[in-house]
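>>> give me a model of this one.
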Amino acid sequence: MFRATATGGTSMLEQQCSLDLPTSERFDWWCDMAAQEIVPTIVHSDRRTNFYASVKLLQLGSVNVSELEYDDMGSTRTPRLIRQADPERWMLALVSRGSMWVEQSRSRAEPSLGDLVLYDTSRPFRSQILDQGSPCRTVLLQLPRKALPLPEQMLRAQVARPISSTRGSAALLSRFLEGTLEHAKTLTSDECTRLEAVIIGLMTTVFAADAEDLIPPQTRQQALLQQVKAFALGNLHDPRLSPTMIAAAHHISVRYLHHLFHEDGQSVGEFIRWQRLERCRTDLADPRLINRTVTDVGARWGFRDAAVFNRAFKAAYGIPPGQHRRRQAPTPPGP
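Numbering: from 1, shown residues only. Okay, the predicted model is just below:
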């Protein structure tokens, strides 16, 4: 049903659009896909005769991140559907275009653009995507309920309540989800595994903002480490990125920052350098960037000195960046 895409033999991103299907099959495809990949619901729409929807699915261990675009529609999760199939997940939706509302546990949320809203698959809910002249877009995070080290009662009290992502850890989580989808094709399997912990740590921080005493110290430390890594990943392009810059942004000492990374088995500098090199390696293999010089690619990811970039790349991968690009170039068709 989905077509899988990859770059350089790395991660797999599954995606499909209803426009790939005959008009008569589009709405049924969406209903079947949503039931299988998200959660079974009763779906209705005034546009079912020519329904538009597209979906991108990225799996990060036990965590799923999806980009969903769809015409106006409504969905209802009933007690009967819950008894028939319950993945026992928390779902967190980020509204990035359009308008919607959701009701669950006697709460009703009408999130604004950029807001986050939490669902519980184990309880009935209703949601409605509203027609505003163009498809709605949401980013959906799904993870097992047991993945978050927080009391379920505390989380259930937060369902169907909009959370602004204009500041704090909610802003960091929103940008991280968008960035993960943007770079999904370039992620390696090892990176996908690590990003699972990053997302769980960030989500824990978002919902524990007012209840830090409920979180074990080790969990708080891990959550902080994931926030720090997310910040670094979002600023790899900045040549000023350094332990001092990262520590200042998180109001911790440089010494404590190094302690966090030491507990994780690597140094701050090693983490930054490897992440930058991986993105350079991917860009150099991308035929769409063939007009950018090797030096430009390095500078794009924070390597201001071309010689330093060449040495670091060769030390990591055994060949200079220019040779890597030539090896990855597509073979011209024969006569």
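
>>> how about Glu103, nearest residue that isn't a chain neighbour?
Arg126 (4.7 Å; C-beta to C-beta, 6 or more residues apart in numbering). No exception for glycine: its C-beta is placed from N, CA and C like everyone else's.

>>> ok, the strand or helix carrying that neighbour: who's next to it in the sheet?
Arg126 is part of strand 125-130 when elements are defined by DSSP states H and E. Sheet pairing of strand 125-130 (DSSP bridges) gives strand 73-77 (antiparallel), strand 99-104 (antiparallel).

>>> can you list those in CSV and add mean neighbour count, mean pLDDT and distance to Glu263?
Output for these, formatted as CSV (neighbours: other C-beta atoms under 10 Å; pLDDT from 0 to 100; distance: least, C-beta to C-beta, whole Å):
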stretch, mean neighbour count, mean pLDDT, distance to Glu263
strand 73-77, 20, 96, 40
strand 99-104, 19, 94, 38
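
>>> and stretch 178-194, which residues are buried?
Thr180, Leu181, His183, Ala184, Lys185, Thr186, Leu187, Glu191, Cys192 (16 or more other C-beta atoms under 10 Å).

>>> hang on, the first one is in a strand, isn't it?
No - counting by DSSP: H, G, I helix; E, B strand; the rest coil, Thr180 is not part of a strand but helix.

>>> quick check, pLDDT for it.
As predicted, Thr180 sits at a pLDDT of 87.

>>> for Val198, see how far away it is.
Separation of Thr180 from Val198 (C-beta to C-beta, to the nearest Å) stands at 9 Å.

>>> how about the fourth one?
From Ala184 across to Val198, the span is 14 Å (C-beta to C-beta).

>>> and Glu14, by the same measure?
21 Å.

>>> before we move on, what about Gln222?
Look at Gln222 and Val198: by C-beta to C-beta, they are 10 Å apart.

>>> now do stretch 32-51: distance to the chain's middle.
23 Å (C-alpha atoms, centre = their mean, to the nearest Å).

>>> how far does that stretch stretch from start to finish?
Stretch 32-51 has an end-to-end distance of 13 Å (C-alpha to C-alpha, to the nearest Å).

>>> for that stretch, buried residues please.
Met33, Ala34, Glu37, Ile38, Val39, Pro40, Thr41, Val43, Ser45, Arg48, Phe51.

>>> so for it, what's the average pLDDT?
Here the average pLDDT along stretch 32-51 is 93.

>>> can you tell me the helix or strand for the closest residue to Asp238 other than its chain neighbours?
Leaving aside its sequence neighbours, Asp238 sits nearest to Gly302 (C-beta to C-beta, 6+ apart; 6.2 Å). Assigned by DSSP H and E, Gly302 belongs to no helix or strand.

>>> can you tell me the helix or strand for the residue nearest to Val65 when sequence neighbours are not counted?
Nearest residue to Val65 in three dimensions, chain neighbours excluded: Leu58, at 4.9 Å (C-beta to C-beta, 6+ apart). Per DSSP H and E: Leu58 is located in strand 53-60.

>>> from the chain's centroid, how far away is that strand?
10 Å.

>>> counting contacts, what elements does it pack onto?
Contacts defined by 3 or more C-beta pairs under 8 Å, 6 or more residues apart in numbering; DSSP states H and E place strand 53-60 against strand 13-17, helix 26-37, strand 63-70, helix 168-182, helix 189-207.
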